[in-house]
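Q: need a structure here:
(one chain, ligands or ions: 1)
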Amino acid sequence: MKDPILVINCGSSSIKYALISREPDAPRLVGLAERLGSPEARLETTDTQGSKREHALPGADHMAALEAILSHLGDTPPVAVGHRIVHGGERFTRAAIIDEDVIRSIHETAALAPLHNPANLAGIDATQRIFPHLTQVAVFDTAFHQTLPPHAYRYAVPDSLYREHGIRRYGFHGTSHAYVSRQADRLEGGTANGWLTAHLGNGCSTCAVWEGKSLDTSMGLTPLEGVVMGTRSGDVDPGLHAHLGRELGWSLDDIDRLLNKQSGLLGLSGLSNDMRQIERAASEGHAGAQLALEVFCYRIAKSLASLSCALPELTGLVFTGGIGENSPLVRHKVVAALPHFRLTLDDAANTSTVRGACQRIDSGNHATPRVWVIPTDEESQIARETQQVLDARA
Ligand code: AMP
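A: Numbering: from 1, shown residues only. Next comes the predicted model:
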């Protein structure tokens with residue numbers, strides 16, 4: 001591998017990694033350490049030929065898991081490390097070399113992403129101890145959305161909340177929206193301008209991208225705002241919180257748990273947060289699963305329609321994420337719920353997409369917007385942004 005970059009995505013009990021070569025399209029090493037801190041901790045590695053191996057790491061913490069990952073990186077050491085950081089607040093509009101000041105800022109923003117930023121910091125700390133001489137770069141999920149204009153990022157609450165406490169919309173999944181919109185531009189020969197992107201996985205968000213810049217997105221202060229997700233409610237009436245507190249005596253923690261962990265597809269269906277299971281049960285007549293599917297797709301269409309206000313012109317719609325890439329049914333329902341967009345789906349193309357490939361699934365009429373399925377690749381976007389930081393410094 002030529003000058004590979006190690007991409008690290010640290011969660012509270014997991015580490016996803018990829019060793020990505022500077023040569024475009026070269027095979028990469030990838031892996032996942034999960035259940036960290038428990039007796040069942042394990043590491044799954046995939047080599048450049050695609051063969052997987054499992055390694056038990058009982059009781060391993062982030063540090064032990066990173067050491068195990070390191071021992072599986074082969075004989076080409078990374079030239080830099082790119083870290084996925086969920087929340088960069090308003091300070092970070094692009095990737096940044098990690099120093100004490102950057103670490104302090106990530107700490108300070110942790111109140112806005114209490115589940116994610118501390119885990120990301122644990123990853124930085126362990127990686128710095130293992131690779132004290134390597135440049136480490138923070139790539140922020142929020143940075144791509146720092147181009148939102150104030151009318152898109154401000155909430156209609158008193159100004160002091162924004163000025164003194166940073167209460168505004170930030171948006172997330174920025175690396176994914178940036179990656180797929182850039183791919184869409186490339187696939188259209190660089191002449192395309194306005195994309196609506198739908199990242200539909202366990203977490204879901206939509207984004208309006210004009211000339212490579214995010215102009216609006218569905219997630220807000222936290223990754224709870226917006227469309228329906230696996231276990232997250234997405235938008236609810238903000239009055240719901242006060243109502244549950246006053247009428248049912250629920251605490252803030254109860255409400256937080258309800259909206260983040262017990263809602264979405266899981267809450268509506270009473271069955272599962274997994275779209276494969278929802279689709280299967282819906283086809284067998286399960287009423288909860290049918291409702292979950294309808295609400296999920298309608299809310300995505302509604303979100304895309306509202307985001308279209310940000311675009312001077314609509315080139316097309318891009319589906320990505322585990323659901324967006326793999327569910328012809330969801331794509332069909334979302335497109336069907338947007339008749340005024342004049343999207344035309346080619347049903348055969350929609351149902352015969354090949355996993356991992358970029359595919360255009362509209363009928364090919366030049367007068368109507370395109371519909372693309374583009375597999376996201378957040379790791380490659382993080383490696384690219386890390387490389388850009390290294391190049392700018394050179
Ligand atoms: P992600 O977070 O991007 O890995 O996406 C996870 C989601 O993708 C889960 O809800 C899965 O059920 C869903 N998913 C994966 N494969 C399929 C498929 N073939 N059909 C429908 N949903 C899928």
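Q: Show me where the stretch 1-150 of the chain has its helices.
A: In the stretch 1-150 of the chain, the segments counted as helices under DSSP state H, counting those that start in this stretch are 62-71, 100-108, 117-130, 150-153.
Q: And the second one, what does it pack against?
A: This points to helix 100-108. Using 3 or more CB pairs under 8 Å, 6 or more residues apart in numbering; DSSP states H and E as the contact test, the elements touching helix 100-108 are helix 117-130. Backbone N, C-alpha and C define where each C-beta goes, glycine included.
Q: Can you list the buried residues in the helix it packs on?
A: 117, 119-124, 126-127 (16 or more other CB atoms under 10 Å).
Q: ok, now stretch 170-187?
A: Buried, per 16+ other CB under 10 Å, within stretch 170-187: 170-185, 187.
Q: how far away is the closest residue in space to residue 274 that isn't next to it in sequence from residue 323?
A: Using CB to CB, 6 or more residues apart in numbering and skipping the chain neighbours, the partner closest in space to residue 274 is residue 230 (7.2 Å). Going from residue 230 to residue 323 by CB to CB, to the nearest Å gives 9 Å.
Q: Those two: who's more crowded?
A: Remark: of residue 230 and residue 323, residue 323 carries more neighbours, 27 against 23, as counted by other CB atoms under 10 Å.
Q: Where does the residue of the chain positioned farthest from its centre fall, secondary structure wise?
A: Within the chain, the residue lying farthest from the chain centre (CA atoms, centre = their mean) is residue 247, at 35.1 Å. Element membership for residue 247 (DSSP states H and E) is helix 239-248.
Q: what residues does this structure put near the ligand?
A: Neighbours of the ligand within the chain, by CB under 6 Å from any ligand atom: 201-202, 230, 274-276, 279, 321-323, 326-327.
Q: Over to residue 207. Which of the three states is it?
A: strand (DSSP: H, G, I helix; E, B strand; the rest coil).
Q: Sketch out the low-pLDDT regions of the chain for me.
A: Judged by pLDDT under 70, the chain has no weakly predicted residues.
Q: Let's see that with 80 instead.
A: For the chain, the stretches with pLDDT under 80 are 1, 24, 74-75, 192.
Q: And the longest helix along it, what's buried?
A: For the chain, the helix with the greatest residue count under DSSP state H is helix 287-307. Using 16+ other CB under 10 Å as the test for burial, helix 287-307 gives 288-290, 292-293, 295-297, 299-304, 307.
Q: Residues touching it, excluding its own?
A: Helix 287-307 is contacted from outside by 196, 198, 200, 204, 206-208, 216-218, 226-228, 234-235, 265, 268-272, 275, 277-282, 317, 329-330, 333-334, 337-338, 340-341, using CB atoms under 8 Å, 6 or more residues apart in numbering.
Q: What is the distance between it and the centre of its chain?
A: 19 Å (CA atoms, centre = their mean, to the nearest Å).
Q: What residue in the stretch 151-300 of the chain comes nearest to the ligand?
A: residue 201 (2.4 Å; CB to the nearest ligand atom).
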